[in-house]
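Below are the sequence and a predicted model; questions follow.
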Amino acid sequence: MSSIKLKDIWKIYGHEVEAVRNLQLDIKNGEFVSLLGPSGCGKSSTLRMIAGLEEITKGNLYFDDTRMNDIEPGDRNLSMVFENYALFPHMTAYDNIAFPLTVRKFNRIEIDKRVKEISNLLDLDDLLNVLVVSCGGGEKQRIGIARAFIRKGEALLMDEPISHLDYELRMRTRGELARLQRLMEITTIYVTHDQAEALAMSDRIAVLNFGELQQFGTPEELYDSPENLFVAGFIGEPPMNFIPCTYVRQSDGHRFYTENMGFDIKLNGNKGKLIDEKYNGRNVVFGFRPHEVEIVSEANRDGNTITKAAVFNFEPGCEHSYVLAKICDIDVLFECPQNVRVYENKTVYIDIISKNFHVFDRESGKSILTRQNSS
Amino acid sequence: MGITISAIDLTKKFKETVAVQNLNFSVKEGELFAFLGPPGAGKTTTLNLLAGILLPDEGDIKVGGKSILELKPQERDFAMVFESYALYPHLTVEQNIAFPLMSPMRSNQYSKGEIKEKVLNTAKMLGIDELLTRYPKELSGGQKQRVGVGRALIRDTELYLLDEPIAHLDAKLRHHMRGELKRLQKKSGRTTILATPDYNEVVAMADRAAILNNGEIQQIGTPLDLFNRPKNIITAASIGDPPINLFDFKLKTKDAKTNLVGDGFSIVVNEKLSYSLKRNSNDDSFVLGVRPGKIEVENDKNRALLSGEVYIFEPLGAQGILTVKIGEKLVKLRTDTNDRYEIGKNVYLSFKLNDSTVFHKETGEAILM
């Protein structure tokens, strides 16, 4: 297993379609890294360049310290998993799992040792002599995972391997894959468009959009400190709410207000101190997550951190409910406890919990909070 | 206003396979009623029976007390949204949505201007008003789906049948559409029947719902009733994500105390609980159901009810899902993402027995205590 380094990598199709633009990634040995983004963001092109299935237009790819650009795909010693595991139905689970080793002429004792080791981790011991055709969907899925992991090559590359599964099986396989990767410590690169999948499984996530790296960080970093509007809006479900407004630094706090004063709050607390001073008086975008607000009673309507919202729809839930509302004509969505009921076409007062908020430059979309140390 | 529609002992077979069996339900006037079930449960078959696209092998369908089995689909005149969209590929979005208003049966009902206005209003509500001149092949799955919804909603009819109308939309749009559909339904007062595999949709939109599984109705009730007071294990497992945790256990007496004993755990319970369990069952095999939101990681080992080792922790932003292996069983619970849980680490868990449901092992029926 090895570390993988992408340095100044470009993928240009034809003369002008820039699928991947100047990508830098430093993936550690044994790390689980996801390439996350919407379709067309360049995540699959990146994976295919690492695998050698696509030529690298510009830049260098390294496994440890070895430059790989000109190495044939077959000589890169990688395991790849695509959407379809393509198991052999009339072979036993054992023979399916052993297949990548058998074709490479590993000796029998080594094969047996590895099959038993991995079957044990995936709880497949009792199925080893069963024909795949008579296994259930979940069992087939685990056999496919076992086959992917058994190689122990330089790295494991996966492109949306579970996105076609039904929800229940997907949730189960997600956990199994992440667990096995931690136990086997195989460097893994995982392509997905599903932010929950990336958060749940990865050590670090590279968020891509239009071929460019938006942010590369741990799930916590991406969720708590998104570096730009794209990451802020892409990570988290339901997504973050954004209110374009003006920022003013005052002696007793940080004020955010819209032109029509439909939104006008003042935040104290430490996080305000992180706002870059040069944005005083400028146009910004204020962001807060759906669960980072509290509905307060009308009696408390005048607090500094309280704003008015016109309820458009109340969506009941089992454990908590959602409110779709407008703050000065901007759609926002927020969570409320299950026992709270609000009504359509009424006004509610919401307290924006001041220790969790985000501010972005309106033009560049970049966060203007100076990066917090992990405290 | 809408209509009352009910099914009496409705059964449909495809050759030997029973698609739905002995369905009995009654949807009230103006109600939004949902069928919740996994793929293959019989949801689409049920809607097709109501619409007249399929004929039942047994049973009856009544509208306002009168059988409609003799009526052809066009005579029943219900509006339907198909899961597969079923758009006309050679027509634009505008023509697709307008189509029901142009049919020979209603050709003179609306003027061209009226139709144009109705189409625009419907498209606006669904956020597809910019797409009116496009053809279906130029649309994403979510956009096609909204065109399909628009084509049904533009009609002024007494019953709307919606088969997974918002399955293919992204998160924000899904919340928006749930709101729009519910709003519109309440405003028009038209009886509406929804089929979906997504319990969130049911809780968000439906007045009442039927849990459909293997062609049979398990329970009918308000969404919160189904969540809080499931009558059986199938209903309990149909609502909630991650699904409810289920533990097999037996009652055993040890040192004059009653214990719930299962794989990897033994929980002492009070006399009252053990008495009502014994009174309600012929044997001593039960299933304990506890929802992931009701289990907590317990630091004080002495107060814990369960102990096991961390199988995997999945952070998901504000919260994460912790999976713990207890005996041979994987138990899921929701936790804050601030804590790190290493694979293999020992953890202690607690929950309140009051927050759990006990079922008969054999029948799957809930025991009311």
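Received, thanks.

So for residue 277, what's the pLDDT?
Defaulting to chain A. pLDDT for A:E277: 86.

my bad, chain B
The predicted local confidence for B:L277 comes out at a pLDDT of 87.

and the residue of chain B found nearest chain A, what pLDDT?
With distances taken as CB to the nearest CB, chain B approaches chain A most closely at B:G179, which sits 3.1 Å away. For every residue, glycine as well, the C-beta is placed using N, CA and C. At B:G179 the predicted local confidence, pLDDT, stands at 86.

in a strand, that's where it is, yeah?
No: with DSSP: H, G, I helix; E, B strand; the rest coil as the criterion, B:G179 is assigned helix and is not in a strand.

which residues touch it?
For B:G179, the residues meeting the contact criterion (CB atoms under 8 Å, 6 or more residues apart in numbering or on different chains) are A:F312, A:N313, A:E315, A:L324.

looking at the residues you listed, which has the most residues close by?
A:L324 (22 neighbours; other CB atoms under 10 Å in any protein chain shown).

Report the contact partners of the nearest residue to that one once chain neighbours are set aside.
Taking CB to CB, 6 or more residues apart in numbering or on different chains, and ignoring the residues beside it in sequence, A:L324 has A:N313 as its nearest neighbour in space, at 4.2 Å. Contacts for A:N313 were tallied using CB under 8 Å, 6+ apart; they are A:V323, A:L324, A:E344, B:R178, B:G179, B:E180, B:K182, B:R183.

just those residues now: which is nearest B:D170?
B:R178 (12.9 Å; CB to CB).

how close does the closest residue to that closest one other than its chain neighbours sit to B:I217?
The shortest distance from B:R178 to any residue that is not its chain neighbour, by CB to CB, 6+ apart, is 4.7 Å, and that residue is B:A204. Computed with CB to CB, to the nearest Å, the distance linking B:A204 and B:I217 is 21 Å.

related to what we said a few turns ago, among the contacts of B:G179, which lie within strands?
A:F312, A:N313, A:E315, A:L324 (DSSP state E).

what sits opposite the residue lying closest to the first one once chain neighbours are set aside in the beta ladder?
Pointing back at A:F312 there. Closest residue to A:F312 apart from its sequence neighbours, by CB to CB, 6+ apart: A:L324 at 4.8 Å. On the basis of DSSP bridges, A:L324 is bridged to A:N313, A:L333.

what about A:L157, helix or strand, and which?
Element membership of A:L157, judged by DSSP states H and E, is strand A:155-159.

should've said A:K5
Using DSSP H and E, A:K5 falls in strand A:4-13.

Need the mean per-residue confidence for that strand.
For strand A:4-13, the per-residue pLDDT averages 97.

Please report how far the closest residue to B:R183 other than its chain neighbours lies from B:E29.
Nearest-residue entry for B:R183: A:N313, 6.5 Å, with adjacent residues in sequence omitted and distances by CB to CB, 6+ apart. The gap separating A:N313 from B:E29 is 23 Å, by CB to CB.

And the strands in the stretch 251-369 of chain B?
B:257-262, B:265-269, B:285-290, B:296-297, B:306-316, B:319-326, B:329-336, B:346-350, B:357-360 (DSSP state E, counting those that start in this stretch).

quick one, what contacts residue 357?
Using chain A here. Shown in contact with A:F357 (CB under 8 Å, 6+ apart): A:L267, A:K271, A:F286, A:G287, A:F288, A:E292.

To clarify, I was referring to chain B.
B:P230, B:A236, B:I244, B:L288, B:G289, B:A366.

export these to TSV and tack on neighbour count and distance to B:A86?
Putting the contacts of B:T357 into TSV (neighbours: other CB atoms under 10 Å in any protein chain shown; distance: CB to CB, whole Å) gives the following:
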residue	neighbour count	distance to B:A86
B:P230	26	35
B:A236	26	35
B:I244	24	36
B:L288	20	45
B:G289	22	40
B:A366	21	40
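
Report the entries of those that also contact chain A.
With CB under 8 Å from any CB of the partner chain as the criterion, the subset of the contacts of B:T357 in contact with chain A is empty.

would you list the contacts of A:N313 in CSV and tack on distance to A:L180?
As requested, the contacts of A:N313 are exported to CSV (distance: CB to CB, whole Å):
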residue, distance to A:L180
A:V323, 40
A:L324, 40
A:E344, 48
B:R178, 37
B:G179, 41
B:E180, 43
B:K182, 42
B:R183, 46
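
State the pair within those that is farthest apart.
Distances among those were taken as CB to CB; the most separated pair is A:V323 and B:E180, at 14.9 Å.

of all of chain A, which residue lies closest to chain B?
Taking CB to the nearest CB as the measure, the point where chain A comes nearest chain B is A:N313, at 3.1 Å.

distance of that residue from A:A93?
Distance from A:N313 to A:A93, by CB to CB: 49 Å.

Same question for A:R204.
When A:R204 is compared with A:A93 (using CB to CB), they lie 33 Å apart.

following the host helix or strand of B:A123, which helix or strand comes up?
B:A123 belongs to helix B:112-125 when assigned by DSSP H and E. Per DSSP H and E, helix B:112-125 leads on to helix B:141-153 as the next helix or strand towards the C-terminus.

Show me which residues of that next one are buried.
Buried positions in helix B:141-153, judged by neighbour count with 16 or more other CB atoms under 10 Å in any protein chain shown: B:G142, B:Q143, B:K144, B:Q145, B:R146, B:V147, B:G148, B:V149, B:G150, B:R151, B:A152, B:L153.

Turn those residues into CSV, columns for pLDDT and distance to A:E220.
Formatted as CSV, the entries for those read as follows, by pLDDT from 0 to 100; distance: CB to CB, whole Å:
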residue, pLDDT, distance to A:E220
B:G142, 84, 30
B:Q143, 89, 35
B:K144, 90, 37
B:Q145, 88, 35
B:R146, 91, 36
B:V147, 93, 40
B:G148, 91, 40
B:V149, 91, 38
B:G150, 92, 41
B:R151, 93, 45
B:A152, 91, 44
B:L153, 90, 43
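
Of the residues you listed, which are in range of chain A?
Applying CB under 8 Å from any CB to these, none is adjacent to chain A.

Now do the helices in the stretch 1-150 of chain B.
Along the stretch 1-150 of chain B, the segments classed as helices by DSSP state H, counting those that start in this stretch run B:43-51, B:73-76, B:93-102, B:112-125, B:141-153.

for chain A, that is, sorry about that
Ranges of helices in chain A, per DSSP state H, are A:43-51, A:93-102, A:108-121, A:137-149, A:167-184, A:195-201, A:219-224, A:229-234.

Next, format those as JSON lines and append mean neighbour count.
Below are those laid out as JSON lines (neighbours: other CB atoms under 10 Å in any protein chain shown):
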{"stretch": "helix A:43-51", "mean neighbour count": "23"}
{"stretch": "helix A:93-102", "mean neighbour count": "21"}
{"stretch": "helix A:108-121", "mean neighbour count": "15"}
{"stretch": "helix A:137-149", "mean neighbour count": "21"}
{"stretch": "helix A:167-184", "mean neighbour count": "19"}
{"stretch": "helix A:195-201", "mean neighbour count": "24"}
{"stretch": "helix A:219-224", "mean neighbour count": "21"}
{"stretch": "helix A:229-234", "mean neighbour count": "22"}
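
Worst mean pLDDT among those?
Least confident of those, judged by mean pLDDT, is helix A:137-149 with a mean of 86.

Which elements pack onto that helix?
When contacts are defined as 3 or more CB pairs under 8 Å, 6 or more residues apart in numbering or on different chains; DSSP states H and E, helix A:137-149 sits against strand A:78-81, helix A:93-102, helix A:108-121, strand A:155-159, helix A:167-184.
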